[in-house]
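1. Sequence and predicted structure, then a few things I'm wondering about:
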Amino acid sequence: MDQITILYASLSFIFLLLCLNLLFQSKKHPQNLPPSPPSLPLIGHLHLLESPVHRFYHCLSQKHGPVFSLRLGSQLFVVVSSSAVAEECFTKNDVVLANRPKLITGKHFGYNYTTISTSSYSDHWTTCIALDPSKSSHRVVSMPLSPFGEMRSDGCW
């Protein structure tokens, strides 16, 4: 094979991957996202990032408003640049925004989302935080062994 054939085959393979990525990406993302600048299929908005990132965010907030979304690689981020909107996020919608994403590792390594680091914000999570000895004002050495047994039976460890 000569080099032109290899080049055409590589370019057509990359084009096929980009088309498949666009096809599957458009089906799984909700349509009620905040506005965002145009992005590239695989890298998202990484090509737009500039050196002082806070100035980049300021320019985007001037164009798209105080709330906008960015896709950096495969991760979607929602950027809030207004203090009033941020206050509303952390007072009225704090429970909704406190949840963690349901990843496959949390299901298998986190005992079906029951550990402190993988569970969503709920009564179970607050119980696990309350029983965590590292968050306690007492030293772990001075604690009796019975609370550890309760934590293990409750599923927090």
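-> Good, I have the coordinates. Residues are numbered from 1 along each chain as shown.

2. can you pull the buried residues of stretch 62-81?
-> By neighbour count, with 16 or more other Cβ atoms under 10 Å as the criterion, the buried positions of stretch 62-81 are 64, 67-71, 80-81. To be clear about C-beta, it is placed using only N, CA and C from the backbone, and glycine gets the same treatment.

3. Tyr113 and Ser122, how far apart?
-> 10 Å (Cβ to Cβ, to the nearest Å).

4. quick one, which of the two is more surrounded?
-> Using other Cβ atoms under 10 Å as the criterion, Tyr113 and Ser122 rank with Tyr113 on top: 17 against 13.

5. surely the more buried one meets Thr105?
-> No: counting by Cβ atoms under 8 Å, Thr105 is not a contact partner of Tyr113; they are 10.2 Å apart.

6. domain assignment for this protein?
-> 33-98, 101-157 (automatic domain parsing).

7. Show the contacting residues for Asp123.
-> Listed by Cβ atoms under 8 Å, 6 or more residues apart in numbering, the contact set of Asp123 is empty.

8. Quick check: which ranges of the protein have low pLDDT?
-> Residue ranges of the chain with pLDDT under 70: 1, 25-31, 135-157.

9. Helices of that one, start to end?
-> 3-28, 53-64, 83-91, 94-97, 104-108, 123-131, 146-154 (DSSP state H).

10. For the longest one, name the packing helices and strands.
-> Under the contact criterion of 3 or more Cβ pairs under 8 Å, 6 or more residues apart in numbering; DSSP states H and E, helix 3-28 touches no helix or strand at all.
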